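> heads up, no residue letters with this:
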């Protein structure tokens, strides 16, 4: 089975600070990669995704992530966080071949708290 | 927009009760999933289904069963609820067809408390 590691359980930043959340996965084949976000009291929603092509992908709200195949990583970044970015962030991986029928493997999540 | 609707946002049940959690999606997705979300543990897959009447165990199926009689509906059943099943339950759906393989659409969750 695949595994997904998120290095930070809780990150605390001040507004305007830069953000990088780490994500590593174990699967060696073709992968689809995702970051999901859950704002307080809301349902999980897609932040960005990588299927193929340019390894630097841009998502909503100024977030981006870089796929580095050699490092099995898909780190999330934002140059300047806002108080409204306070949320829990989940990295997820799919094998990308339609096997396991579209199942995603999730990391344990990183709680981001941004102080105004 | 894809809509995944979970029938109950909050439930309180007693130990030993049978619990049904219902989920409906409106986008003709092949795959449907039930996860539970617990602080510090992330999302753990209970069961998933890739077609009507088909089901596959996820990582933590013990104490749960599922039913998928229609493509749009996926039910999670706790045959005899226990306190360690107190959790947030998330339903999700996805397409199998590229290019969206793996992208999940989530419902708002059902918070279950078992007393």
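That came through fine. Worth saying up front: this structure is predicted, and the values here are computed from it rather than measured.

> contact partners of stretch A:16-28?
A:2-8, A:11, A:13, A:31, A:33, A:35, A:71-81, A:85, A:89, A:91, A:93, A:95, A:105, A:107, A:110, A:112, A:114 (CB atoms under 8 Å, 6 or more residues apart in numbering or on different chains). (Each C-beta comes from the backbone N, C-alpha and C, glycine too.)

> measure it end to end?
Start-to-end span of stretch A:16-28 (CA to CA, to the nearest Å) is 36 Å.

> quick one on the thing from earlier: among the contacts of stretch A:16-28, name the buried ones.
A:2, A:4, A:6, A:11, A:13, A:31, A:33, A:35, A:72-76, A:78, A:81, A:85, A:89, A:91, A:93, A:95, A:105, A:107, A:110, A:112, A:114 (16 or more other CB atoms under 10 Å in any protein chain shown).

> Go back to the contacts of stretch A:16-28 and keep what's next to chain B.
Contacts with chain B are made by residue A:107 out of these, judged by CB under 8 Å from any CB of the partner chain.

> Next step: the contacts of stretch A:16-28 restricted to helices.
Assigned to helices by DSSP state H, none of the contacts of stretch A:16-28 qualify.

> In chain A, which residue sits nearest chain B?
Going by CB to the nearest CB, chain B is nearest to residue A:94 of chain A, at 3.1 Å.

> Neighbours of the closest residue to that residue other than its chain neighbours, how many?
Of all residues not flanking residue A:94 in the chain, residue B:102 sits nearest, at 3.1 Å (CB to CB, 6 or more residues apart in numbering or on different chains). Look at residue B:102: counted by other CB atoms under 10 Å in any protein chain shown, it has 28 neighbours.

> pLDDT score for residue 22?
No chain specified, so I'll use chain A. At residue A:22, the pLDDT value in this model is 96.

> my bad, the chain I had in mind was chain B
Taking residue B:22 on its own, its pLDDT is 97.

> Over to residue B:12?
97.

> do the one 3 residues further on as well
Note on residue B:15: pLDDT of 97.

> Who are the contact partners of it?
Applying CB under 8 Å, 6+ apart, we find residue B:15 in contact with B:80, B:81, B:82, B:83, B:114, B:115.

> The fifth one against residue B:81, yeah?
Read it as residue B:114. Yes. Using CB atoms under 8 Å, residue B:114 is in contact with residue B:81, at 4.6 Å.

> what helix or strand is the residue positioned nearest the centre of chain B on?
Nearest to the mean C-alpha position of chain B, by CA atoms, centre = their mean, lies residue B:34 at 2.5 Å. Element membership of residue B:34, judged by DSSP states H and E, is strand B:31-38.

> show me the contacts for the residue nearest to the centre of chain B.
The contact partners of residue B:34, by CB under 8 Å, 6+ apart, come to B:21, B:23, B:45-48, B:58, B:64, B:66, B:74, B:76, B:89-91.
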